[in-house]
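In: Sequence and predicted structure, then a few things I'm wondering about:
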Amino acid sequence: MKEVAMEETFTRTESYAEALSSQNKKHLDENNDTNKSKSQEHDSPIKQMLSLSAPFHQRMHHEREPSIWTQADVYFHNNGAAVFLMVVLLSILIISVSYGVRAVDGHGEAGQGTINTIGRGCGRYVTIGSAVLLITGARTFWMKLRSFAVLHRILPFNYIMPFAHKYIAWSVALAGIIHAIGQTINFIRGDASSPNLQPGLWNNKNNYMERPTIQLLVTGIMLTMAWLAIVLTARKKVRARAYRVFWLTHLTGYSTIYILLIFHGTYVGKPFSWKFLVPAFVIYGGSKILQLFKHTSDMQIHSLRLSECEGVVRMELSGMPWQFHPGQYANLLIPSINHETHSFSIACAPDNKNLVFFIAAVGAWTKELLSLAKGGPAAYEHVNVKVSGPFGAPTDNYFGFPRLLLVGSGVGATPMVSVLDHLHNLYDASSQVQSRSHIDQKWEGYMDSHFLWRKEILHSKVPIFRFINRVSTLYVQLYVLTLSVALSISLHMNDSSVAYYVTIPAEALVAIMFGTRLVGIVFRLHKLKLPWTTIWQVSQHIMITAATFLLGVGLAVFEVYLAYISDDEKERNSRRYIVIQVVLEILHIVFVLWATELALGMNWPHKRHQDPDEDEHLPPKGVRFIWIVRHESQCWWMEELLEVTKNKQIVADIYLTRQEEDELPKSISSQIRFHSGRPNFDDIIRDVYPPAYFQDPLGVFFCGSPAVGEHISEACDEYMEASHAHVYFHEEHFG
């Protein structure tokens, strides 16, 4: 867990402040009118087609309950990738339990077969889930994978760690408890497969009656205790108050668990779990070795001092060990304090000479760092810092959005600091080579070729085409197909003849849907005159949609063929048929996911990420920074913020939650405004993203208290439901 998450928590019971002050409202309205008139000077053909009518603006402001379809679309728009990851985890659970059930002889006495089946099924999930859990912790491995453009487009990397890691750990612990209860009942009742406690580590005979039950009992008890210790100490309150306990428990607990699993995971008394664990060890070990030798550097402290805020340390390390993207974070280890590793967001621009971090002194480790800072240069001049990274974060694709809303609470604003610092340099560099109107024109061309054409091609007025292209429809197809493939694999493991046919409905549904989508796209494309810059993007979308359709048709035909061939033919070529079917089904899932992401426009931010030379000096059209702190004395980045907001495109609103209106500090800049109380995100999003800007997607990035993140997410969803605008919400997950 990152230390930056350890800041003030805002409870939902506390009310938000009223709307922005009238003075700020007036200032915002003036800015909106100015920007609106500028945006109308250079309207592209697509923007003219997409301009919204006055009646729609009036309808948008009327209070009305959005349809269930609209609510579903908005939910999946910002949460579809996370739900897909949960569906994948559920699929792993189904396959793992089926794999365990396959090995069970359920013909014992009444009731004992069921208990044994459930226990063994959960036991297999513990083994396979533990292997997957270890892989999710291989951060360098995922960092390398996300550098590939295709993978970055279709895989939700930002949810793997710690989002997926946390849920896998909980599910494995729960499955382990169920497995332990089932096996305990078997021991007490004298299960037919294990009537006595027998010695030995493993048994080389294929006989359930001679399993090493004493070893299984002892290692099982130790595994249960280790899992409970890890899960309990991973709770947020424990991490915040006793990080060292959490760190030591994880370090020793996981090492113990994987050693015990090798002994405990057996099949008819033989070691079995190593077949799943060894690949995970290779990936995790390779990731750590790569991180140690290529992404870890020994650095000296250039300066270490208190920031403007009491209790927040500014640490600057000499040099820049690697290239990083604004918003990413690094792991720090200071041997002179202890050998714990802590993660902190980088708080400087990539082109900075030195690496900068802002660290709040909230735990034992950070308080030791605070003591070093108070001791002056003599205390830290010979201190060595091991830095590893950089690691990804949701803010690392901010550059794909023409308009940005950055929100940070407390020290959680650190990733936004890096982004703002980089944007400051980018605005300065761009102002020397191109005018503001030229930058806006380039953004218009970029949006035309990477985003806006989707609204014309996919948002058809024909009801069937509109239904098929809904965000919710696309994702539900993906979920159904994934679960049907998991069910098919599970049935194959148990030699069920139904396994060949269970995916036929899902494959046929996807084929029909994507075939209809293809017809709709071609129909709309024939009527529109799109700019030549969109040709490749549209062609790519058509090719992926066509490939998805053809794969669905091919799989449905193949599975129907398998339904009509003789059982003898299936038996002779069963392995070949199963491999072909499973590989094609997994490939089909990948294509459906890819087509879904393309249709939603989720790949275009990553394209700029992969093409750094393209529009290198193209900063956003506008940036709003919302900073939430308790008191003005906690504004630890004010000196740099004053410099950053000299660029007129960057506006900062600072909300002081514990100061009254008459206690607010005097204005120090026209671009920095202080407010009393908590922000009203409904008003903020309306101010930042009025209808005149709907041709540009808005990127909302947040880091800080989960309670605040929940309010921002709700405000984004409600605004999208009312306006049908494109608001992409990205939240840093700390687990």
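Out: Received the coordinates, thanks.

In: Every contact and neighbour count from this point should use C-alpha atoms.
Out: Noted.

In: can you point me to the longest helix in the chain?
Out: helix 68-102 (DSSP state H).

In: what packs against that helix?
Out: helix 112-136, helix 471-493, helix 706-723, strand 727-731 (3 or more C-alpha pairs under 8 Å, 6 or more residues apart in numbering; DSSP states H and E).

In: what about the last one, distance to the chain center?
Out: This points to strand 727-731. Relative to its chain's centre, strand 727-731 lies at 11 Å (C-alpha atoms, centre = their mean, to the nearest Å).

In: The longest one too?
Out: On the basis of C-alpha atoms, centre = their mean, the separation between the geometric centre of helix 112-136 and that of its chain is 26 Å.

In: nearest residue to Cys348 other than its sequence neighbours?
Out: Nearest residue to Cys348 in three dimensions, chain neighbours excluded: Ser418, at 4.5 Å (C-alpha to C-alpha, 6 or more residues apart in numbering).

In: need the longest strand for this protein.
Out: If you go by DSSP state E, the chain has its longest strand at strand 296-306.

In: Check which helices and strands that one sits against.
Out: strand 312-317, helix 364-374, helix 377-380, strand 384-391.

In: can you list contacts of the longest one?
Out: I take that to be helix 364-374. 243, 304-306, 311-313, 337-338, 359-361, 379-380 (C-alpha atoms under 8 Å, 6 or more residues apart in numbering).

In: Apply 10 Å and report the result again.
Out: Residues outside helix 364-374 that contact it (C-alpha atoms under 10 Å, 6 or more residues apart in numbering): 3, 240-244, 303-306, 311-315, 334, 336-342, 359-363, 375, 378-381, 383.

In: Can you give me the buried ones in that helix?
Out: Neighbour-count burial for helix 364-374, with 16 or more other C-alpha atoms under 10 Å as criterion, is recorded at Trp365, Thr366, Lys367, Leu369, Leu370, Leu372, Ala373.

In: Pull the contacting residues for the closest residue to Ala81 other than its chain neighbours.
Out: Using C-alpha to C-alpha, 6+ apart and skipping residues adjacent in sequence, the residue nearest Ala81 is Pro156, 5.8 Å away. Listed by C-alpha under 10 Å, 6+ apart, the contact set of Pro156 reads Gly80, Ala81, Ala82, Phe84, Leu85, Arg146.

In: tell me the SS of Lys353?
Out: Put simply, Lys353 is coil when judged by DSSP: H, G, I helix; E, B strand; the rest coil.

In: same question but for Asn331, I mixed them up
Out: strand.

In: Name the nearest residue to it, sequence neighbours excluded.
Out: Closest to Asn331 by C-alpha to C-alpha, 6+ apart is Ser343, at 4.3 Å.

In: what about the one you found, neighbour count?
Out: 18 (other C-alpha atoms under 10 Å).

In: Wait, a strand at it?
Out: Yes - residue assignment for Ser343, taken from three-state DSSP, places it within a strand.

In: Write down the beta-bridge partners of it, one by one.
Out: With DSSP bridges as the criterion, Ser343 is bridged to Lys2, Asn331.

In: From what I see, it and Gly392 are in contact.
Out: No - using C-alpha atoms under 10 Å, Ser343 is not in contact with Gly392, being 11.8 Å away.

In: what sits in contact with each of those two?
Out: Tyr329, Ala330.

In: Just the strands from the stretch 601-735 of the chain, written as ranges.
Out: Secondary structure of the stretch 601-735 of the chain by DSSP state E, counting those that start in this stretch: the strands cover 622-629, 650-656, 672-676, 698-703, 727-731.

In: deepest of the ones you listed, which one?
Out: Of all the strands of the stretch 601-735 of the chain, strand 698-703 has the most neighbours on average by mean count of other C-alpha atoms under 10 Å, namely a mean of 25.

In: Could you tell me the angle between that one and strand 727-731?
Out: Following axes from the mean of the first three to the mean of the last three C-alpha atoms, to 10 degrees, one obtains 10 degrees for the angle between strand 698-703 and strand 727-731.

In: quick one: average confidence on strand 698-703?
Out: Taken as a whole, strand 698-703 carries a mean pLDDT of 89.

In: cool, stretch 276-286 as well?
Out: Mean predicted lDDT for stretch 276-286 stands at 91.

In: Then stretch 658-673?
Out: Mean predicted lDDT for stretch 658-673 stands at 84.

In: and that stretch, which residues are buried?
Out: Buried, per 16+ other C-alpha under 10 Å, within stretch 658-673: Gln659, Leu664, Gln671, Ile672, Arg673.

In: Of the residues you listed, which is the nearest to Ile544?
Out: Distance to Ile544, by C-alpha to C-alpha, is smallest for Gln671 among the buried residues of stretch 658-673, at 45.2 Å.

In: Now do the same contact list for that closest one.
Out: 624, 641-642, 644-653.

In: Closest to Leu404 out of these?
Out: Out of these, the member with the shortest distance to Leu404 (by C-alpha to C-alpha) is Arg624, at 6.3 Å.

In: beta partners for the closest one?
Out: The partner residues for Arg624, given DSSP bridges, come to Leu405, Val651.

In: Most neighbours among the contacts of Pro156, which one is it?
Out: Gly80 (23 neighbours).

In: so what's that residue closest to, chain neighbours aside?
Out: Tyr475 (6.5 Å).

In: Need the per-residue pLDDT for that neighbour.
Out: Value listed for Tyr475 in the pLDDT field: 91.

In: what helix or strand is Thr256 on?
Out: Thr256 is located in helix 243-264, with elements delineated by DSSP states H and E.

In: Give me the helices and strands touching that helix, please.
Out: helix 112-136, helix 213-233, helix 236-241, strand 270-271, helix 274-294, helix 364-374 (3 or more C-alpha pairs under 10 Å, 6 or more residues apart in numbering; DSSP states H and E).

In: neighbouring strands for the shortest one, and are they parallel or not?
Out: So that's strand 270-271. Note on strand 270-271: by DSSP bridges, its sheet partners are strand 266-267 (antiparallel).

In: Could you give the average pLDDT over the partner strand?
Out: 72.

In: Ok, stretch 352-372 next?
Out: 89.

In: cool, stretch 386-398 as well?
Out: 75.

In: returning to what we had before: most widely separated two among the buried residues of stretch 658-673?
Out: Among these, Gln659 and Gln671 lie farthest apart (C-alpha to C-alpha), at 20.3 Å.

In: coming back round to it: okay, now the residue nearest to Gly80: neighbour count?
Out: A total of 22 residues lie near Tyr475 under the criterion other C-alpha under 10 Å.

In: That one against His77, yeah?
Out: Yes - contact criterion C-alpha under 10 Å: Tyr475 and His77 qualify, at 9.3 Å.

In: Pull the contacting residues for Ser273.
Out: 124, 126-128, 131, 258, 261-267.

In: same deal with Arg244?
Out: By C-alpha under 10 Å, 6+ apart, the contact set of Arg244 is Val238, His250, Asn338, Glu340, Gly363, Ala364, Trp365.

In: No further queries at this time; thank you.
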